[in-house]
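[1] need a structure here:
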Amino acid sequence: MQKIKILRKQLGISQFAMAEKLGISQNAFSKIELGKSEMTLSRLYQVADILEVDLLDLIQIEQY
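    Alright, predicted model coming up:
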């Protein structure tokens, strides 16, 4: 998810640090950011918590 990558970078968190906080490999986290891996609801909550955003803000699709 591109939104995860943007928020992560805004907070200055590396992929390695994110992966470590989630208890997964950096490669697995990279696949999440690239949209190559499905996430459980539980994992989404974890990511939202780490990125300090509401879950709905994280998954909301922005429309232009």
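
[2] from here on, contacts and neighbour counts on C-alpha atoms
    OK.

[3] This structure: strands as residue ranges?
    Applying DSSP state E to the chain gives no strands.

[4] lowest-confidence helix or strand of it?
    Taking mean pLDDT, DSSP states H and E as the measure, the chain has helix 55-59 as its least confident helix or strand, at a mean of 88.

[5] what's in contact with that helix?
    K3, I4, L44, Y45, A48 (CA atoms under 8 Å, 6 or more residues apart in numbering).

[6] can we see that at 10 Å?
    With CA atoms under 10 Å, 6 or more residues apart in numbering as the test, helix 55-59 has contacts from 1, 3-4, 7, 41, 44-49, 51-52.

[7] likewise stretch 32-49?
    Taking CA under 10 Å, 6+ apart as the rule, stretch 32-49 contacts 1-8, 15, 18-19, 21-22, 26, 28-31, 50-59.

[8] Quick one, which of the residues you listed are buried?
    1, 4-5, 7-8, 15, 18-19, 26, 29-30, 51, 55, 58 (16 or more other CA atoms under 10 Å).

[9] Give me the neighbour count for I13.
    14 (other CA atoms under 10 Å).

[10] mind starting the numbering at 58 from now?
    That works, and once the first residue is 58, the last one we named lands at I70.

[11] returning to what we had before: looking at the buried ones among the contacts of stretch 89-106, which two lie furthest apart in space?
    Pairwise distances across those (CA to CA) peak at 21.9 Å, for the pair Q83 and L112.

[12] What backbone torsions are found at L68?
    Main-chain dihedrals, L68, degrees, to the nearest 10: phi -90, psi 0.

[13] That one against A74, yeah?
    No. With contact defined as CA atoms under 10 Å, L68 does not reach A74; the gap is 11.5 Å.

[14] The two - which one has more neighbours?
    The residue with more neighbours, out of L68 and A74, is A74; 15 against 11, by other CA under 10 Å.

[15] now stretch 63-79, how far from the chain's geometric center?
    8 Å (CA atoms, centre = their mean, to the nearest Å).

[16] Thanks a lot, see you next time.
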